[in-house]
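J.: Pasting the sequence and the predicted coordinates here, then a few questions.
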Amino acid sequence: MRQLSICNACRYCEGYCAVWDAIEFKSILNEGDIYHLSNLCHDCRDCYYACPYNEPEHDFKLNIPKVLGQVRVETYKDNLKPRFFGFALEKPILVTATSTIIAVAISIAYAAFSFGVDSFSSLPMTTVIPVTLFKSATILVYLYTITLWSWEGIAYWSKINQKEHLSVSGLGKGIRDAIFHKNFLGGGEGCKVPNHNSRYMRVTMHSLVFFGFITALVSISFYPDITGYFAIAYLIGSIAVTLGTAGMIYIHLKESKGSRSDVQSSIDYPFTILLFFAGITGIIVPVSFGTTLFNWNFIIHDALIIVVFLLAPFSKFIHPVFRVISLIKYNSDSLRLSQK
Amino acid sequence: MGRNVIVVGGGNAALCSAIESSERGDKVTLIEGSPQSSRGGNSKYTRDIRYAHDEDEFTSGSYPKDELKEDLLAVSGSFDNREVANLVIDRSEEMANWMQSHNITFKKEIRGTLNLSRTNAFFMGGGKVLVDTYYELIEKLGVRVLYNATVSSIKISKGAVRSLTIKNGHSERELEADKYIFASGGYEGNKDWLSQFWGEGTKNIKIRGSKFNTGIPLKQLIEHGAILCGVEKAGHMVAVDSRSPEYDSGIVSRIDAIPWGIVINKKGDRFYDEGEDIWPKRYAIWGRLVAEQESQMCFVIIDNEAIGKFMPTAYPSMDANSLEELAAVVGQDPDKLVGLISDFNRGIKKVNEDPFNWSQKEMRIPKSHWAMPIKTPPFHAYPLSPGLTFTYQGVRINTTGRIILKDGELENAFAAGEIASGNVLRSGYLAGFGLTIGTTLGRLAGGWDNE
Ligand SMILES: Cc1cc2nc3c(=O)[nH]c(=O)nc-3n(C[C@H](O)[C@H](O)[C@H](O)COP(=O)(O)OP(=O)(O)OC[C@H]3O[C@@H](n4cnc5c(N)ncnc54)[C@H](O)[C@@H]3O)c2cc1C
Ligand code: SF4
Ligand code: SF4
């Protein structure tokens, strides 16, 4: 709050991302506004590098991405549903690691006990994972994720909503901004991290993960028909996710400078690493087709993907929901004000 | 070509001259008095430039040279050095393009509530990004940068600089070069020097810019007989929040609520027309006015109607539900404050709906515009101190950028930026022109068609 009042008096960062426009719409900020701002921030750090009032040297000791990051984690925790799963965000590394290990162990046990270790690898794919099992599991998992996401999204919305109306065009623009990563461009300046020459690295990497994930998701839904074009699509999607997550991890490692909060890193890393492994095993799926490796890799890969979805409402993977809602609100506010 | 050049300073002017010199093949060493983490002098607090231009993509319309010149004369009265002033105006035309080709991004889009200005162009992220971008660039160009290195004295003989003494903590060394460029800013960070003009009160003056701008190279040049430009005592001073730090509060400490309320000094008296129709062009007078009051401390008082009419402040206002309570909060006599405000409210003349035309002319000190009654609680106050932006006085240069001493020019020494801004603006200030002076004179000193 104190930090953002200084920004409100300064506004030099205006233009970097939606946060700064949203601040301009207000002259006095309240708690709901700060919640909203925190989810408009995608942590590019441009405003940190632009700020002459930063910690540790300056008396004002600002670090906007860090406080917004902390608040953002608060918004995840406060709106996490059902409350019972709150511990997942308190101990994200432990939870991610444990659930991954359990899921992988279960799938290996399933393979070993149902088919026997020796014969497992030579069985046809549809015997190992019958189509009905695959389809029903997918649908269940999707339903589960969407239900919890909506529950959380509604809770978040009621916190940031201040009786202003959303508009349909705001909705459209919000979704469009999210898909096209509009705010990742730093208002034409790109990102300060890692450096001037690679200033579009973050937008590239995040887009790779995003579009790669969607591509893979769509192509696998044709299971068991996952040869030919579907295999190629799956391969491309998985490569994109792998490269993108590796890139994101690289960027995070580059920007040490004490500029991010530990809570936030502890939530970002496990999720990104999990996706990275999902990406790698995803690459192996089409590549290992017809070899003895295929079945083993395929069930492990499926186990990882299931963990991604099961943890979605309790991990970094809440962010798309809150972010899209925030962008919709931002665009609605912005349209309403420009009509005045 | 191939000369050894030392640039003294680490702000915009120094960086522009380092870029220009090394692009021309000189071997450059840049000496910045501050640590790396606080590099960039006052330049890191800036955000826009003012330059002459035809219609372009960074502004909303053209700004001819003649108009720029008139605007400069309107704030400063006359030029101390007409040739140099004209040169800066002429060369400002190329500035935005040059900056863009040196990695600076300007805002083009109209986002949020920002409207492009006609006279000034805004760059992304402000001054910190500007200087960091230039530092990244000069490192690529092979410029050697020394941080924590302060020039403590200058040796001059037979019309040329012979060497510089560089202090780094406790160690001292001499550096020699073929050419020297002084771009070390003003002396606003030097309270001893300022106390020659402001005496005791100096301690209450907030320095908005860098505490590393102590003006030692300027003082050395003066001692060597440099001819001076710019008003001696004065500097650019605005009203800032008294709660801000003593140095480096940049843009965020300023308070521009004054036209919407009344200003009282420690004794509880008003002392100047808060609604003078000079706002915002010369809101700078309020720094000096506050500095002239007892303890250099005043309060601006507004009511709730004024909220939202001025730029948000970094510190919260001091609030109270009645004027008596507010008097207690700001340490004033309640009866006096209540009396003053009821006198003020009583004599207000409203001509039409626009508060610009509301005035209070019955009091000894009038308020000629925006005389809005102070009657809607909660009432708010901000404590005011003088905030010094920069000092005006600097060294005289000629149109090649060389420094002029009483016995002639220094053949190998140049000055650029704030240290030479007195040539163009003897007093007063035109928003966005500090960087323009630094960029054009910096490039000139660096050898921009000067050979
Ligand atoms: C809050 C604020 C906002 C401003 N906004 C704008 C704006 O928007 N647009 C605009 O055009 N102007 C603005 N100005 C004015 C502008 O900052 C100056 O005109 C301009 O930055 C001067 O540049 P310079 O390079 O000459 O000096 P500076 O940027 O002040 O650099 C001086 C450098 O010299 C170094 N130095 C000093 N002494 C020594 C020494 N003895 N040895 C070694 N190094 C030394 C300092 O560390 C510093 O790096 C603003 C000023 C302030 C304070
Ligand atoms: S982060 Fe710093 S530079 Fe950016 S708006 Fe806030 S105070 Fe200003
Ligand atoms: S870190 Fe980037 S996204 Fe977050 S507020 Fe700053 S500029 Fe915006």
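T.: Great, that's in hand. Numbering: from 1, shown residues only, chains lettered A, B, ... in the order given. Ligands and ions are numbered 1, 2, ... in the order given.
J.: what comes up buried for the helix or strand hosting residue A:213?
T.: Secondary structure from DSSP states H and E places residue A:213 in helix A:201-220. By neighbour count on 16 or more other Cβ atoms under 10 Å in any protein chain shown, the buried set for helix A:201-220 is A:201-203, A:205-213, A:215-216, A:219-220. No exception for glycine: its C-beta is placed from N, CA and C like everyone else's.
J.: Same check on stretch B:397-411?
T.: Neighbour-count burial for stretch B:397-411 flags B:397, B:401, B:402, B:403, B:404, B:405, B:409, B:410 (criterion: 16+ other Cβ under 10 Å).
J.: what do you get for stretch A:173-181?
T.: A:173, A:174, A:177, A:178, A:181.
J.: how close does the first one sit to ligand 2?
T.: Put plainly, it is residue A:173. In this structure, residue A:173 and ligand 2 are 24 Å apart, going by Cβ to the nearest ligand atom, to the nearest Å.
J.: For that residue, give me its contacts.
T.: Listed by Cβ atoms under 8 Å, 6 or more residues apart in numbering or on different chains, the contact partners of residue A:173 are A:327, A:328, A:331, A:335.
J.: where's the third one, which helix or strand?
T.: It stands for residue A:331. Going by DSSP H and E, residue A:331 is part of helix A:319-339.
J.: helices or strands next to that helix in the packing?
T.: helix A:18-24, helix A:31-40, helix A:64-79, helix A:131-160, helix A:168-179 (3 or more Cβ pairs under 8 Å, 6 or more residues apart in numbering or on different chains; DSSP states H and E).
J.: most packed of those helices?
T.: Most buried of those, by mean neighbour count (mean count of other Cβ atoms under 10 Å in any protein chain shown): helix A:18-24, with a mean of 23.
J.: show me the contacts for the closest residue in space to residue B:201 that isn't next to it in sequence.
T.: Nearest residue to residue B:201, sequence neighbours excluded (Cβ to Cβ, 6 or more residues apart in numbering or on different chains): residue B:296, at 5.0 Å. With contacts defined as Cβ under 8 Å, 6+ apart, the neighbours of residue B:296 are B:201, B:204, B:205, B:290, B:385, B:386.
J.: Which members of those residues occur in helices, if any?
T.: Judged by DSSP state H, helices contain the following of those: residue B:290.
J.: and which of the contacts of residue B:296 is nearest chain A?
T.: Closest approach to chain A among these (Cβ to the nearest Cβ): residue B:385, at 15.1 Å.
J.: Could you give the number of residues near the nearest residue to that closest one once chain neighbours are set aside?
T.: Among residues not flanking residue B:385 along the chain, residue B:242 sits closest, at 4.2 Å (Cβ to Cβ, 6+ apart). When neighbours are counted by other Cβ atoms under 10 Å in any protein chain shown, residue B:242 registers 21.
J.: isn't there a strand covering residue B:180?
T.: Yes: under DSSP: H, G, I helix; E, B strand; the rest coil, residue B:180 falls within a strand.
J.: Assess the claim that it and residue B:161 are in contact.
T.: Yes: counting by Cβ atoms under 8 Å, residue B:180 touches residue B:161, with 4.7 Å between them.
J.: Can you work out which residues contact both of the two?
T.: Joint contacts of residue B:180 and residue B:161 (Cβ under 8 Å, 6+ apart) are B:154, B:412, B:413.
J.: secondary structure class for the first one?
T.: The three-state label given to residue B:154 by three-state DSSP is strand.
J.: Pairing partners for it in the sheet, please.
T.: Following DSSP bridges, residue B:154 is listed with bridge partners residue B:164.
J.: In the chain, which residue is most central in space?
T.: Going with chain A. residue A:317 (4.5 Å; Cα atoms, centre = their mean).
J.: actually it's chain B I care about, not the one you picked
T.: residue B:389 (4.1 Å).
J.: top of the shared contacts of residue B:180 and residue B:161 by neighbour count?
T.: residue B:413 (27 neighbours).
J.: And the contacts of the helix or strand that residue falls within?
T.: Per DSSP H and E, residue B:413 falls inside strand B:408-415. The contact list for strand B:408-415 (Cβ under 8 Å, 6+ apart) reads B:17, B:156, B:159-161, B:178-183, B:221, B:394-395, B:397-398, B:400-404, B:441, B:444-445.
J.: Contacts (any at all) between ligand 1 and that strand?
T.: No: using Cβ under 6 Å from any ligand atom, strand B:408-415 stays clear of ligand 1, with a minimum separation of 9.3 Å.
J.: what stretches of the chain score poorly on pLDDT?
T.: Assuming you mean chain A. By pLDDT under 70, the low-scoring segments of chain A are A:164, A:186-190, A:192-197, A:256-259, A:339-340.
J.: please go with chain B instead
T.: Scanning chain B residue by residue, the ranges that satisfy pLDDT under 70 are B:1, B:109-115, B:278-283, B:449-451.
J.: that older thread, would you turn the helices and strands packed on helix A:319-339 into a markdown table with distance to residue B:226?
T.: Formatted as a markdown table, the helices and strands packed on helix A:319-339 follow (distance: least, Cβ to Cβ, whole Å):
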| stretch | distance to residue B:226 |
| --- | --- |
| helix A:18-24 | 44 |
| helix A:31-40 | 50 |
| helix A:64-79 | 43 |
| helix A:131-160 | 59 |
| helix A:168-179 | 56 |
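J.: Just say helix, strand or coil for residue B:145.
T.: strand.
J.: out of the contacts of strand B:408-415, which are inside strands?
T.: For the contacts of strand B:408-415, the ones inside strands are B:156, B:160, B:161, B:179, B:180, B:181, B:182, B:394, B:395, B:402, B:403, B:404, with DSSP state E as the criterion.
J.: of these, closest to residue B:78?
T.: residue B:394 (16.1 Å; Cβ to Cβ).
J.: Confirm for me that that closest one is in contact with residue B:419.
T.: Yes: using Cβ under 8 Å, residue B:394 is in contact with residue B:419, at 4.8 Å.
J.: who touches both of the two?
T.: With Cβ under 8 Å, 6+ apart, residue B:394 and residue B:419 have common neighbours B:186, B:218.
J.: Output the buried residues of stretch A:173-181 as TSV; include the columns distance to ligand 3.
T.: Shown next, in TSV, are the buried residues of stretch A:173-181 (distance: Cβ to the nearest ligand atom, whole Å):
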residue	distance to ligand 3
A:173	18
A:174	16
A:177	12
A:178	13
A:181	11
